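Participant: Sequence first, predicted model second:
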Amino acid sequence: MSRVEKLIQELCPNGVPFRRLGELVSYSKKKVASAALDESNFVGVDNLLPNLGGREDSKYGPNTKTSTAFKNGDILLGNIRPYLRKIWLSDRSGGASGDVLVLTLNEEVVERLEPGFLYWFLTTESFFTYNNRFARGGKMPRGDKAKILEYLVPVPPIEVQREIVKILDLFTELEAELEAELEARRKQYEHYRDQLLTFPEDGGATWVELGALGEWHGGSTPSKSETKYWNQGTIPWVSPKDMSVSHIGRTIDFVTMDAVNSARARLIPAGAILVVTRSSILAKRFPVATAGNEVTINQDLKALVVQKDVDARYVFHALNAYGRQILLKVTKHGGSVNSIEWKRFARFKIPVPSEPEQKRIASQLDRFDALVNDLSSGLPAEIEARRKQYEYYRDKLLTFKELQPEAA
């Protein structure tokens, strides 16, 4: 029997009370002067990371005179597109934008509710499923603030909460160690890749414009009001948020063949190379992916179907290697969202050796890429397996029998 089980058997054998979230927390109404904030303590929805990734320093400052104040121990929840699962347990004081909900413990529960316990409970899939169910809006849905406060939360004895937090924090540390090892391997891969893709100026490769490597295709978004294009869809519809480090991540939107047949969406063949042309993500990196299966793409991506004498995987690795240079030379300036100036992009040149040499380089880099990026093998697969294991134990630790009134 684990220590948590012993504590439950000792302190709450008949179950624990469940309370509405609104009985435990309130939305922060305090304000802080935006001029007093910097990149380390301003939190906008853009620097809250998806999939429980926490936060990173902000690239953009607040655009209002005041921001919503938060303090150490508050929980910050991204309220735009709640399916992105953006949440962070604050470890400092600062200010948040209006699209970030700041949950602060009510004074009367401070002594019997551990902020870390509440944070972990709100990271469960059941909470985000609930939040998504009541979200309002089409393209940019927002969580329903009133409904969020109706969500039921178990409140076990504080000793149980603290023991659970200790265990789940340890899981996080172990996962962080694996992530650090993965990052080190990725740096090795990038160094090796750059060496393989360096050719002497007087031979070894021809410098070819990206626009001449094959056919480039744009994407589109079928109308959300036309349900026949979306309901029971089976063809992945890829947008910038679905582009991972070097592959297409888990897509959440799928279109039907009706959308393709009516030209509302273009079918991109398996093996095509996808690049992001417009997204805030271009401020950080240049996402490139190879379509493993047939997909459709939205208007913020383009897809390359290479010509016969060009190896698609070689081009994939070359685009990754030259990604920083591409962004420096072809990014549009002055817009509200980072985007690529397409004519300049099409004129950007990469080295293209003979086809056998392309295949040799691609084969070597594919093995290293699988080690550091493939979710079905290598370190990412191990991290994903650990993450699922942690999520299983997290959900098990956070599942309680509800205390019935007669047992209270």
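Facilitator: Okay, I see it.

Participant: where's Leu174 relative to Ala180, distance?
Facilitator: In this view, Leu174 and Ala180 are 11 Å apart by CB to CB, to the nearest Å. Any C-beta I mention is one placed from the backbone N, CA and C, and that applies to glycine too.

Participant: so what's Lys30 up against?
Facilitator: 68-69 (CB atoms under 8 Å, 6 or more residues apart in numbering).

Participant: Next: Phe199.
Facilitator: Listed by CB under 8 Å, 6+ apart, the contact set of Phe199 reads 205, 351, 353.

Participant: Kindly report the same for Gly138.
Facilitator: Applying CB under 8 Å, 6+ apart to Gly138 gives the contacts Lys224.

Participant: So it, which state does it fall into?
Facilitator: coil (DSSP: H, G, I helix; E, B strand; the rest coil).

Participant: And for Arg186?
Facilitator: With three-state DSSP as the criterion, Arg186 reads helix.

Participant: Not counting its neighbours along the chain, what's nearest it?
Facilitator: Distances taken as CB to CB, 6 or more residues apart in numbering put Val372 closest to Arg186, at 4.8 Å, once the chain neighbours are dropped.

Participant: For that neighbour, what is the enclosing helix or strand?
Facilitator: helix 355-373 (DSSP states H and E).

Participant: Which single one of the contacts of Phe199 is nearest to Ile167?
Facilitator: Among the contacts of Phe199, Pro351 lies closest to Ile167 (CB to CB), at 51.1 Å.

Participant: Next, that closest one: secondary structure please.
Facilitator: Using three-state DSSP, the structure places Pro351 in strand.

Participant: Show the contacting residues for the closest residue in space to Trp120 that isn't next to it in sequence.
Facilitator: Leaving aside its sequence neighbours, Trp120 sits nearest to Leu168 (CB to CB, 6+ apart; 5.1 Å). By CB under 8 Å, 6+ apart, the contact list for Leu168 reads 116, 120, 390, 394, 397.

Participant: Just to be sure, Leu168 is in a helix?
Facilitator: Yes - under three-state DSSP, Leu168 falls within a helix.

Participant: Distance of it relative to Leu49?
Facilitator: Shown here: Leu168 relative to Leu49, a distance of 18 Å by CB to CB.

Participant: just Asn63 next, same as before
Facilitator: When CB to CB is applied, the distance between Asn63 and Leu49 equals 21 Å.

Participant: quick one, which of the two is more surrounded?
Facilitator: Leu49 (16 against 10; other CB atoms under 10 Å).

Participant: OK, contacts around the more buried one?
Facilitator: By CB under 8 Å, 6+ apart, the contact set of Leu49 is 55-56, 86.

Participant: which of those are buried?
Facilitator: 55, 86 (16 or more other CB atoms under 10 Å).

Participant: Output the below-cut-off pLDDT ranges for the stretch 251-400 of the chain.
Facilitator: By pLDDT under 70, the weakly predicted segments of the stretch 251-400 of the chain are 334, 374-378.

Participant: Okay, helices next: where are they in it?
Facilitator: Per DSSP state H, counting those that start in this stretch, the stretch 251-400 of the chain carries helices over the ranges 257-261, 312-321, 323-330, 342-347, 355-373, 378-397.

Participant: what does the last one contact?
Facilitator: Read that as helix 378-397. Helix 378-397 has contacts (CB under 8 Å, 6+ apart) with 4, 120, 123-125, 164, 167-168, 171, 174-175, 178-179, 181-182, 185, 370-375.
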